[in-house]
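S.K.: Task: produce atomic coordinates for the following.
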Amino acid sequence: MKLIYLIEDFSIKGGAERIISEKVNFLEANCGHDITVVSVYHDDRPPGYRLNKGVKLVSLNVEFTDNKGNIAMRTLNRAATLMTALRKFNKIVKDTKPDIIFFTMVIGALLLPLCRTKARKVYESHSARRFTPYSRMFGLMERKADAMVCLTADDAREYKAAKRVEVIPNFVNTPDKYVADYGVKRAIAVGRLEHVKGFDLLIDCWKDVAKACPDWQLDIYGEGSLHDELQRQITRCGLDGRVVLRGRCEDMNEAYASHSMQIVTSRYEGLSLVLAEGQACGLPCVTVDYIYGARDIAEDGYNGIIVPQNDPEALTRAIIRMAGDEALRAKYGANARLTINKFDRDNIMNKWKELIGSLCDKK
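M.R.: Below is the predicted model of the structure:
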C-alpha cells in the first residue's frame, strides 16, 4: 500500500517530527507499506530524525514565508507560499498515486481540501486545535477529510464537522533505563525553549523552591529561541547553578533516570510526550493541568501532583511537597511505570494499522 506523509519541515528536531519518523519506520518495516515523507519547506539542514532506507524523503523546496511588511502583505505572502506548496505537492501526488495521504501540521490542514487526489485523506493533529494558528480555517478540511486523528478525546471534541474522528495517542518506547535513586535531589523539565512550554513560569517558581529546598537543582533540557532570555531570567533571579539549561540530549532515558522528579508547566499541549516518557522511566511528576492531555497521563495523588494552570503558588507548593518527601517520590514513581502501559508502542501502532485497513476497505 502506498502512503504519503506530509510534514512542514522534517529538519526540525521536535516531538511531532520524531513520532512521525518512528511511526513511518514501523509501518514500512512491519507492514511493508511503500511510504514517502514529503517535507514542505526548503532547508539546508539534514533531516531531524533517521528514516529507514525503504522510506523515501522528498522536499518540495518551498521557501519560508516572508513575514515582513504589514498585515496585508504578510497575508499575501502566506497565500503565495500555500499555493506554491499546493502546486508542487499535487505533482508528487499525481506521480506517486498513493492510497492514503496523512496531512499534518497547519499547512497540512490548509492543503488537505485543496489537494487533487482519489487517495483517502487523513488529518493527523499534533496540537490542541484551539491554540493552533489558522484553526478557524479548518472547517473545510474537517468536511473533506476521510478521517481525523487526535491525540486526546478533549481535542477530538473540537472537530464537530468531521466525518470520522479517531483518538490515537502517541506511543512511548520501552525505556532502557529507570530511576534507581529517588534520593537524588534533581528535578527535570523537558521541551522546546519557547513560550508554550512555560519555563519562564517555572523559573519564577524556583526562586521560592530554592529557599525551601536549597539542595535541589532544576535541569531544563531543550533548545529554542528563548534560550538567552531564559538564561538572563535565571541570572536575574539569582539561580545560576541552581537552574541549568542543559540543551539537547541524545539519550533522554539517561537524563530522566538521573533525576527523581519531573515538572511540566506547558501552557498547552497536544498530549505531552515528554511527560509520558518521564513516567515510563519511573519519574513522579508535578504538572499543571494544561489543555489537553495532562490527565490522560498523570493521575493526581497516584503517580504525580496536578495543579491548576495559572496558579504559580499552587505549583510552587506542589514542587516543594514532592521535593521534601523521598518516599512519596518513590511511591508515585513506581505507580507511573504501571500506568504508562496504555502508551505501549505495539498497542498504539495496532490502532494505526486498523485505521489504515479500514480506510482501504472502503475504497
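S.K.: drop to CA atoms for contacts and neighbour counts, all remaining ones
M.R.: Noted.
S.K.: Which residues does the host helix or strand of residue 255 contact?
M.R.: Here residue 255 sits within helix 252-257, counting by DSSP states H and E. Under the criterion CA atoms under 8 Å, 6 or more residues apart in numbering, residues 175, 176, 177, 178, 179, 180, 188, 249, 278, 281, 282, 283 lie in contact with helix 252-257.
S.K.: Swap in 10 Å and give it another go.
M.R.: Residues outside helix 252-257 that contact it (CA atoms under 10 Å, 6 or more residues apart in numbering): 174-182, 187-190, 219, 221, 249, 258, 262, 274, 277-283.
S.K.: If burial is judged by neighbour count, which of the residues you listed pass?
M.R.: Buried subset of the contacts of helix 252-257 (neighbour count, 16 or more other CA atoms under 10 Å): 175, 177-179, 182, 187-190, 219, 221, 258, 262, 274, 277-283.
S.K.: So which of those residues are in strands?
M.R.: Counted as lying in strands by DSSP state E, out of the buried ones among the contacts of helix 252-257, are 187, 188, 189, 190, 219, 221, 262.
S.K.: just the residues you listed now: which is nearest residue 270?
M.R.: Within those, the smallest distance to residue 270 is 14.9 Å, found for residue 190 (CA to CA).
S.K.: Report the contact partners of the residue nearest to the closest one when sequence neighbours are not counted.
M.R.: In this structure, residue 190 finds its nearest non-sequential neighbour in residue 221, 4.8 Å apart by CA to CA, 6 or more residues apart in numbering. Listed by CA under 10 Å, 6+ apart, the contact partners of residue 221 are 188-193, 244-249, 252, 255.
S.K.: Run through the strands of this structure in chain order.
M.R.: Counting by DSSP E, the chain has strands at residues 2-7, 34-41, 56-62, 100-104, 120-124, 147-150, 165-167, 186-190, 217-221, 243-247, 261-264, 285-288, 304-307.
S.K.: Of those strands, which is nearest residue 130?
M.R.: Closest approach to residue 130 among those is made by strand 147-150 (12.8 Å; CA to CA).
S.K.: Could you tell me which other helices and strands the closest one packs against?
M.R.: When contacts are defined as 3 or more CA pairs under 10 Å, 6 or more residues apart in numbering; DSSP states H and E, strand 147-150 sits against strand 100-104, strand 120-124, helix 153-156, strand 165-167, helix 345-361.
S.K.: any residues touching the third one, and which ones?
M.R.: Same thing as helix 153-156. Under the contact criterion CA under 10 Å, 6+ apart, helix 153-156 has outside partners 125-130, 148-150, 162, 164-169, 270-271, 291-293, 296.
S.K.: could I have that helix exported to PDB, CA atoms only?
M.R.: Output of helix 153-156 as PDB, limited to C-alpha atoms (Å, rounded to 0.1, in the frame of the first residue of the first chain):
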ATOM      1  CA  ALA A 153     -10.600  12.900  23.500                       C
ATOM      2  CA  ASP A 154     -10.900  16.500  24.600                       C
ATOM      3  CA  ASP A 155      -9.300  17.800  21.400                       C
ATOM      4  CA  ALA A 156     -11.400  15.300  19.300                       C
END
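S.K.: re the thing from before, which one of the ones in strands among the buried ones among the contacts of helix 252-257 is nearest to residue 43?
M.R.: Among those, residue 221 lies closest to residue 43 (CA to CA), at 24.5 Å.
S.K.: Distance of that closest one relative to residue 347?
M.R.: 29 Å (CA to CA, to the nearest Å).
S.K.: got the helices and strands packed on strand 147-150 as CSV, with mean pLDDT and distance to residue 320 columns?
M.R.: Putting the helices and strands packed on strand 147-150 into CSV (pLDDT from 0 to 100; distance: least, CA to CA, whole Å) gives the following:
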stretch, mean pLDDT, distance to residue 320
strand 100-104, 96, 39
strand 120-124, 96, 38
helix 153-156, 92, 30
strand 165-167, 95, 35
helix 345-361, 91, 34
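S.K.: Tell me, domain by domain, which residues of this protein belong where.
M.R.: For the chain, the domain assignment from automatic domain parsing gives the residue ranges 2-171+344-361, 186-343.
S.K.: what's the most buried one of those?
M.R.: Compared across these, domain 186-343 shows the largest average neighbour count, a mean of 20 (mean count of other CA atoms under 10 Å).
S.K.: any idea of the mean pLDDT in it?
M.R.: Mean pLDDT, domain 186-343: 95.
S.K.: Could you check how far residue 201 is from residue 294?
M.R.: Applying CA to CA, the value for residue 201 to residue 294 is 17 Å.
S.K.: same question but for residue 354, I mixed them up
M.R.: Residue 354 sits 26 Å away from residue 294 when distances are taken as CA to CA.
S.K.: thinking again about what came up before, okay, the helices and strands packed on strand 147-150 in JSON lines with distance to residue 332 next?
M.R.: Converted to JSON lines, the helices and strands packed on strand 147-150 look like this (distance: least, CA to CA, whole Å):
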{"stretch": "strand 100-104", "distance to residue 332": "35"}
{"stretch": "strand 120-124", "distance to residue 332": "32"}
{"stretch": "helix 153-156", "distance to residue 332": "25"}
{"stretch": "strand 165-167", "distance to residue 332": "27"}
{"stretch": "helix 345-361", "distance to residue 332": "23"}
